[in-house]
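Participant: coords below, sequence missing:
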């Protein structure tokens, strides 16, 4: 079967492991472009959030390339994400495409069989042992990808040559994609780290540090946030990204109960409790908690990225105003929709960073 | 002893749960103050104090809360999380108490019990009990008040006996048991679908229901469909909907489609997250019933009526013309 996976940042590193190696034909999702956005926006319900629209654009592009099955994640609310796949399926069927939507989500009683069928379809007659191994390896790929991405965020503001961090990262990601075993991954990690070190100017120490919080997709997919991380990096700001695929999937799949990420989640919840006492779905509570933690970690400020009309993030945004006031901690909310004008965004980011620098100079924040 | 005054905003989920809270609180000897029906002043208050990106109903909720601050001793804002298995309320309603607390600074104390039937502390009984304890120490009284008011609420909810004090339209289930039979008496059956707080708030929806009635339309709403029917209709979906409020809207929509009413109007408010998805599902389903005309009205804080009037007239004209054509009165040139 010809399968495709919509984009989510650099998630395509696992494409080969979970699609090609399982004996399916892989249809690579083309990089996100204006065209992707346009076709997604054109056919999506008007007030849906941005991730749905871009993912729909991805799907249309891959279906045009001949994909027969689309892999998509799901959920059970109250965030709208849980219903994405259904709405996208309806829209695509209306457009006349013939395909199978393979939805991976925690099953409820009635959907147990669907999930079982989907897993069997992905397994494609290979042994269970092989499949589990492949998925375990794909998890390792994701972990390494995120680690490298996080490192690149530290390197970028300090790089000796502009663009070096992004170049090294993208080269390594391609290598991760083609890697077949754990040993190669370790090799890649070692080499990339030393490349990063070569390109880092370690004299730059006291940089402005900003936490990036907010909605999951928009913070991970550079196209949708207009390459915010790179922009900030080139302004000489170290970005601390708070969202990650690891932190999203691990608690759901109970992948490492005994490890730190579970504790981390609890800590975030605790930090948010005073302001938002109940989870509101999506990353609503996490955003609030992360901002409080960022304050405790002595960062200079936080930028919240929000897709237009996102329900949990609007709750968080409302509350962040209060948090920011109480803690005297600057936050900036950037709302993204299908508009692609960048200048307004640049101006706002620059103004925000100037503000942070000024605060430092005046000694409002002692670091 | 002076009675404690508890303010209830006439907005959002209180369209459904006001009777329960009112009876419970008055039985315990508290005075319930209901805010005015939405008006220009309340809307302005809400818009000024809320973030611009929040959906209209929540902005209006803010306005209601603000209008109550100087009248009541405390305001009741329950945190509605979950009232049935496998379904939640909208994120904004889950976070409502926190949102109100963080954006309105001058506010009288807030009572916000959690309603989350998955947890024992969040069951209706325990949550109401907590609130009751603020009014009186007599736990026997609280329990009794709860069981009586809960029973009344359940009975009224299912049989939908109408009380003029209950926040419902007067056109509910009574006068529309069988839709098909009414074709002769009433020229047009139109189902107006949407959340309670849109359909019943004549200020937000610019008096849509009365306007339709004046134009000789039999208005049908989601509340007129029996909960069991809704449950049955929802089985048509590929995946169950996980929002309690939208379940009724979708179930009712599917039911009215199946019954082939002449027209279906879906009311949504600008920035409503649930409706953006649910609207697509309803729209998708409507394509299977070409005999049913379907349209969607989006409401926001603009209050110009002319636009909506034109749309209603055009929609009704289209249906009437279609009907005439089907019966054979249309000129056949």
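Facilitator: Now that the structure is in, tell me what you want to look at. It should be emphasised that the depicted structure is a prediction, and the values quoted were computed from it without experimental measurement.

Participant: every contact and neighbour count from this point should use C-alpha atoms.
Facilitator: OK.

Participant: give the closest residue to the one residue in chain A that gets nearest to chain B in space, chain neighbours not counted.
Facilitator: Residue of chain A nearest chain B, by CA to the nearest CA: residue A:280 (4.8 Å). Nearest non-adjacent residue to residue A:280, counting by CA to CA, 6 or more residues apart in numbering or on different chains: residue B:91, 4.8 Å away.

Participant: okay, that neighbour: pLDDT?
Facilitator: pLDDT for residue B:91: 88.

Participant: for the spatially most central residue of chain A, which residues are in contact?
Facilitator: Nearest residue to the geometric centre of chain A (CA atoms, centre = their mean): residue A:220, 2.6 Å. Counting by CA atoms under 8 Å, 6 or more residues apart in numbering or on different chains, residue A:220 touches A:8, A:9, A:243, A:244.

Participant: wait, the last one sits on residue A:146?
Facilitator: Yes: contact status for residue A:244 versus residue A:146: in contact at 7.2 Å, counting by CA atoms under 8 Å.

Participant: got the residues of chain B near chain A?
Facilitator: By CA under 8 Å from any CA of the partner chain, the part of chain B that sits against chain A consists of B:51, B:53-54, B:86-92, B:94-96, B:98-99, B:102-103, B:238-239, B:241-243, B:271-274, B:276-277, B:280-281, B:284.

Participant: in helices, which of the residues you listed fall?
Facilitator: Secondary structure from DSSP state H places B:91-92, B:94, B:96, B:98-99, B:102-103, B:273-274, B:276-277, B:280-281, B:284 of the residues of chain B next to chain A in helices.

Participant: in chain B, what residue is nearest chain A?
Facilitator: For chain B and chain A, the shortest gap (CA to the nearest CA) falls at residue B:91, measuring 4.8 Å.

Participant: number of residues surrounding that residue?
Facilitator: Neighbour count of residue B:91, defined by other CA atoms under 10 Å in any protein chain shown: 29.

Participant: what's the neighbour count on the closest residue to residue A:65 other than its chain neighbours?
Facilitator: Spatial nearest neighbour of residue A:65, chain neighbours left out: residue A:27 (7.2 Å); criterion: CA to CA, 6+ apart. Using other CA under 10 Å, residue A:27 is surrounded by 22 other residues.

Participant: just residue B:109 next, same as before
Facilitator: Number of residues near residue B:109 (other CA under 10 Å) recorded here: 14.

Participant: ok, it touching residue B:75?
Facilitator: Yes: with contact defined as CA under 8 Å, residue B:109 counts as touching residue B:75 (6.5 Å).

Participant: just checking, the residue of chain A closest to chain B touches residue B:96?
Facilitator: No: with contact defined as CA under 8 Å, residue A:280 and residue B:96 do not form a contacting pair (9.7 Å).

Participant: looking at those two, which one has more neighbours?
Facilitator: Higher neighbour count among residue A:280 and residue B:96: residue A:280, with 28 against 23, using other CA under 10 Å.

Participant: what distance do you get for that one to residue B:82?
Facilitator: Using CA to CA, to the nearest Å, residue A:280 is found at 11 Å from residue B:82.

Participant: helices along the stretch 51-200 of chain B, start to end?
Facilitator: Taking DSSP state H, counting those that start in this stretch, the helices of the stretch 51-200 of chain B run over residues B:56-68, B:91-94, B:96-103, B:124-135, B:139-159, B:196-199.

Participant: tell me the secondary structure at residue A:156.
Facilitator: Secondary structure, DSSP: H, G, I helix; E, B strand; the rest coil: residue A:156 is helix.

Participant: which residues does it contact?
Facilitator: Applying CA under 8 Å, 6+ apart to residue A:156 gives the contacts A:162, A:163, A:164, A:165, A:166, A:230, A:233, A:234, A:236, A:238.

Participant: the worst-scoring helix or strand of chain A on mean pLDDT: which residues count as buried?
Facilitator: Least confident helix or strand, chain A: helix A:245-253 with a mean of 76, by mean pLDDT, DSSP states H and E. The neighbour-count check on helix A:245-253 (16 or more other CA atoms under 10 Å in any protein chain shown) flags A:245, A:250 as buried.

Participant: which elements pack onto it?
Facilitator: Contacts defined by 3 or more CA pairs under 8 Å, 6 or more residues apart in numbering or on different chains; DSSP states H and E place helix A:245-253 against helix A:128-155, helix A:260-273.

Participant: that one vs helix A:128-155, what angle?
Facilitator: With axes from the mean of the first three to the mean of the last three CA atoms, to 10 degrees as the basis, helix A:245-253 and helix A:128-155 are set at 140 degrees to each other.

Participant: all the helices of the stretch 201-333 of chain B, residue numbers only.
Facilitator: Using DSSP H, counting those that start in this stretch, the helices of the stretch 201-333 of chain B run over residues B:208-214, B:227-234, B:244-258, B:273-286, B:306-327.

Participant: so which of those helices is nearest residue B:69?
Facilitator: Of all these, helix B:244-258 sits nearest to residue B:69, with 27.8 Å by CA to CA.

Participant: tell me which residues in the closest one are buried?
Facilitator: Residues B:244-257 are the ones in helix B:244-258 that count as buried (16+ other CA under 10 Å).

Participant: also stretch A:117-128?
Facilitator: In terms of neighbour count (16+ other CA under 10 Å), stretch A:117-128 has its buried residues at A:118, A:122, A:123.

Participant: can you measure across that stretch, start residue to end residue?
Facilitator: So stretch A:117-128: terminal residues 14 Å apart, CA to CA.

Participant: and it, average pLDDT?
Facilitator: Mean predicted confidence for stretch A:117-128 is 87.

Participant: who's in contact with it?
Facilitator: A:19, A:22, A:23, A:24, A:102, A:103, A:104, A:131.

Participant: which pLDDT does the model give the last one?
Facilitator: Yep, that's residue A:131 we're talking about. The model's pLDDT for residue A:131 equals 88.

Participant: residue B:57 against residue B:268, yeah?
Facilitator: No: in this structure, residue B:57 is not within contact of residue B:268 by CA under 8 Å, at 10.1 Å.

Participant: can you pull the residues that touch both of the two?
Facilitator: Shared contacts of residue B:57 and residue B:268 (CA under 8 Å, 6+ apart): residue B:198.

Participant: tell me the contacts of residue 71?
Facilitator: Looking at chain A here, since you left the chain open. By CA under 8 Å, 6+ apart, residue A:71 lies in contact with A:3, A:4, A:5, A:6, A:101, A:102, A:103, A:104.

Participant: actually, chain B is the one I wanted.
Facilitator: B:5, B:7, B:33 are the contacts of residue B:71 under CA under 8 Å, 6+ apart.

Participant: out of these, grab the one that's most surrounded.
Facilitator: Ranking the contacts of residue B:71 using other CA under 10 Å puts residue B:7 first, with 27 neighbours.

Participant: wait, a strand at that residue?
Facilitator: Yes: counting by three-state DSSP, residue B:7 is found in a strand.

Participant: surely it touches residue B:30?
Facilitator: No: between residue B:7 and residue B:30 there is no contact under CA under 8 Å: 10.2 Å.

Participant: what is the lowest-mean-pLDDT helix or strand in chain B packed up against?
Facilitator: Every helix and strand of chain B was ranked by mean pLDDT, DSSP H and E. The lowest is helix B:139-159, at a mean of 79. If you count contacts as 3+ CA pairs under 8 Å, 6+ apart, helix B:139-159 packs onto helix B:14-27, helix B:124-135.

Participant: centre of the chain to the shortest one, how far?
Facilitator: The gap between where helix B:124-135 is centred and where its chain is centred comes out at 24 Å by CA atoms, centre = their mean, to the nearest Å.

Participant: residue ranges for the strands of the stretch 151-300 of chain A, please.
Facilitator: A:208-214, A:237-241 (DSSP state E, counting those that start in this stretch).
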